[in-house]
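Participant: make a model of this:
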Amino acid sequence: MLAIFIYGGLGEGFLGIYMKSYLGISWLTYAAIGKALSTLIKYAMQTLHNYKKQSVIGVSPTTMAVDLTASILALIQMQIDSSIAGAGFFLTDPRLNLAKLLLSGFSATFDAIILIQYFYIYPENSRKKSAANNATAASAATPLLGKDD
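Facilitator: Got it, this is the predicted structure:
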């Protein structure tokens, strides 16, 4: 299956061979939608893990904030492109990039959820466990033998 997506992407992207299925969607679009769905699964699993552990240990709020910003900017870009093309609202644009919409929508939604978990739902648990992890890391960094040994 992966080979089909790779060959389809190479054929469409570099060779100019336009491969379409019976639905009128190219193989490259199928691959992009697959990427969006894998992103959905990744974020859903992270959110569920945070809920089960009642903590967001290991989550970088800076990374989530940057990803949220990028997702929002991608949606804004789609609206600007549709406005320039005269299509009005980007969801009604016949040239809608479904994969980009799904990827941006999933990322923005779950980044917002994880940031809310980090700052509002589990802030104490995360800080306590982070402090404990930092103390463990500091003790692991000290040598077992002294300088004179």
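Participant: which stretches of the protein have low pLDDT?
Facilitator: By pLDDT under 70, the low-scoring segments of the chain are 1-25, 125-149.
Participant: so where do the helices sit in it?
Facilitator: If you assign secondary structure with DSSP state H, the helices in the chain sit at 2-13, 27-53, 61-85, 98-116, 123-141.
Participant: can you lay out these as TSV showing distance to Leu91?
Facilitator: Placement of C-beta: from N, CA and C, glycine included. TSV is the format used below for the helices of the chain (distance: least, C-beta to C-beta, whole Å):
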stretch	distance to Leu91
helix 2-13	25
helix 27-53	16
helix 61-85	8
helix 98-116	8
helix 123-141	36
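Participant: export those helices to JSON lines and tack on distance to Thr92 and mean neighbour count?
Facilitator: Listed next are the helices of the chain as JSON lines, based on distance: least, C-beta to C-beta, whole Å; neighbours: other C-beta atoms under 10 Å:
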{"stretch": "helix 2-13", "distance to Thr92": "25", "mean neighbour count": "14"}
{"stretch": "helix 27-53", "distance to Thr92": "19", "mean neighbour count": "15"}
{"stretch": "helix 61-85", "distance to Thr92": "8", "mean neighbour count": "14"}
{"stretch": "helix 98-116", "distance to Thr92": "12", "mean neighbour count": "18"}
{"stretch": "helix 123-141", "distance to Thr92": "41", "mean neighbour count": "11"}
